[in-house]
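what follows is a predicted protein model with its sequence.
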Amino acid sequence: MNFKAADNGRGNLEMTMTNFYGENKAQIDGALVIGKSSNVDPVWDMIDSVSPRGIYLAAREDFVVKNSKFYNFNWNEAAALGTCSHCG
């Protein structure tokens, strides 16, 4: 709950697998996810050459993202959400 993540090359938050269903389903609630900020370390400033996802969703159903805010995913092929973490 209340995750905060920014400036990650592949994805900010990632849930690969979950076995929680129904009322106890796994979730990200209240996240602040920033694709690219003005706070990138100049030594690692390769963020412009990648296309990250804000959250990679789980490989199973019943995973919820709610009350979350996404900012600055408007370059290359970056996107707020990505599907199926580590699917082949």
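It's in.

centre-most residue in this structure?
Central residue of the chain (Cα atoms, centre = their mean): I55, 1.9 Å from the mean position.

check contacts around the closest residue to R53 other than its chain neighbours.
In space, and not counting its chain neighbours, R53 is closest to G82: 3.2 Å by Cβ to Cβ, 6 or more residues apart in numbering. Any C-beta I mention is one placed from the backbone N, CA and C, and that applies to glycine too. Remark: with contacts taken as Cβ atoms under 8 Å, 6 or more residues apart in numbering, G82 is in contact with G11, R53, G54, I55, Y56, L57.

10 Å instead, please
Applying Cβ atoms under 10 Å, 6 or more residues apart in numbering, we find G82 in contact with R10, G11, E14, S51, P52, R53, G54, I55, Y56, L57.

same thing with V50?
So, once contact is read as Cβ under 10 Å, 6+ apart, V50 ends up touching N8, G9, R10, G35, K36, W75, N76, E77, A78.
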